[in-house]
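Chemist: Sequence first, predicted model second:
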Amino acid sequence: MEDCIFCKIIKGEIPSNKVYEDEEILAFHDINPATPIHILVVPKKHIESLVHLEKEDEVLVGKIYGVINKIAEEQGFKDEGFRVIVNCGENGGQEVMHLHFHILAGKRLGEKIV
Ligand code: 5GP
Ligand code: ZN
C-alpha cells in the first residue's frame, strides 16, 4: 500500500525503533508514547483493520499474540502486567489504517473503560 505509513516502516522507507521482527510481523516503539513503554505490533501484510481480517489471517493473529508475549518477557514487563489495545474504525479511534496492536506498559493504567 503506497500511502500507508506502517507499510513504509515495514519496507524501511521510514525509520523506526524496532523491538521484534520476523517474516510476518514487525514490532516497534510508538513515536508518541502514551505510557513509559508503548510498542506497536503489526502484521507485515497490509490489513486495514480488525474487520478486514480474513479467515486465512486467523493463524497470523494468533502469532501476533505469541509475539506480544515474547516481547513482554524480553522487555521485562511480563510479570508487572500490561494492556493490549486494538482501535478499530472511526468510533474506535483508529488513525492509521493498517492493523496494529498497541502494547501499553511501564505504569499502572488508571483509565479503565472495561
Ligand atoms: P491508532 O490511533 O491508529 O490506533 O494508532 C496509531 C499509532 O501510530 C499512534 O499511537 C501514533 O503515535 C503511531 N504512529 C503514527 N505515525 C507513526 C510513525 O511514523 N512512527 C511510529 N513509530 N509510530 C507512529
Ligand atoms: Zn499498510
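Modeler: Received, thanks. In this text, all values refer to a predicted model and were calculated from it rather than measured experimentally. Ligands and ions are numbered 1, 2, ... in the order given.
Chemist: Per-residue pLDDT of residue 60, please?
Modeler: Residue 60 is assigned a pLDDT of 98 by the prediction.
Chemist: Could you list which residues are in contact with it?
Modeler: By Cβ atoms under 8 Å, 6 or more residues apart in numbering, the contact set of residue 60 is 24-25, 43, 45. No exception for glycine: its C-beta is placed from N, CA and C like everyone else's.
Chemist: If we use 7 Å, what do you get?
Modeler: Going by Cβ atoms under 7 Å, 6 or more residues apart in numbering, residue 60 touches 24, 43.
Chemist: Could you do the one 10 residues further on as well?
Modeler: Neighbour list for residue 70: residue 20 [criterion: Cβ under 7 Å, 6+ apart].
Chemist: do the same with residue 72
Modeler: Residues near residue 72 by Cβ under 7 Å, 6+ apart: 78, 82.
Chemist: a helix runs through it, doesn't it?
Modeler: Yes - assessed by DSSP: H, G, I helix; E, B strand; the rest coil, residue 72 belongs to a helix.
Chemist: For residue 32, see how far away it is.
Modeler: 21 Å (Cβ to Cβ, to the nearest Å).
Chemist: next one: residue 75
Modeler: Residue 75 is 19 Å from residue 32, by Cβ to Cβ.
Chemist: repeat for residue 44
Modeler: Noted for residue 44: a distance of 22 Å to residue 32, by Cβ to Cβ.
Chemist: Alright, that wraps it up for me.
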